[in-house]
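> 3D, please:
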Amino acid sequence: MNVAKFLQQSDVDFEVIPHRETHDAQHMAQAIHIPGREVAKTVLLRADHGYRYIVAVLPATKQIDLRKASEALNGSELALATEAEIAQCCPDCECGVLPPFGSQYEMTTMVDESLTHEEEVFFEANTHHEAIRMRFSDYRRVEEPLVTPLT
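Numbers count the residues shown, from 1 in each chain. Coordinates of the predicted model:
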């Protein structure tokens, strides 16, 4: 999936922001000069011993609470996925990049409720050197994620 093409096809206003190569959301926030709370980092969760994967989206400044995520998924057993699993689930992205659109990979997407308070959200596109800026309300409309406490 090409994130920019997907957003164009979804009739969403967005901006592609080129930046120096970064490999985590906090460094991306620094590279594009915005607060980390506005950057959505994505975490791939292995659910039920690898029978399914979940995309969790939360502010770059926070850590995921697997217990809270599990509760939102009716007690599913969760673990952090490996980079190899990310590459397997998202073969069209650079290694380690996970867009916040699990629906495009037939995965459930969960979003930390704190992101709903942000007017805009920034996240990696398909590479380590491009960010996407868009309204959170548009992201929520297009992705229809499960909004729940994750931190």
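> could you measure I17 against M107, distance?
25 Å (CB to CB, to the nearest Å). (Each C-beta comes from the backbone N, C-alpha and C, glycine too.)
> ditto for I54
From I54 over to M107 (counting by CB to CB), the distance is 6 Å.
> likewise E15?
E15 is 25 Å from M107, by CB to CB.
> swap in P99?
11 Å.
> Give the residue from the two that has the larger number of neighbours.
The residue with more neighbours, out of P99 and M107, is P99; 25 against 19, by other CB atoms under 10 Å.
> if I look at the more buried one, how far off is A131?
From P99 to A131 the distance is 11 Å (CB to CB).
> any shared contact partners between these two?
123-125 (CB atoms under 8 Å, 6 or more residues apart in numbering).
> need these in CSV with distance to A84, can you?
Listed next are these as CSV, based on distance: CB to CB, whole Å:
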residue, distance to A84
F123, 22
E124, 18
A125, 21
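> If any of those are buried, give me the ChimeraX selection for them.
Burial among the shared contacts of P99 and A131 is assessed by 16 or more other CB atoms under 10 Å; the matching ChimeraX selection reads:
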select :123,124,125
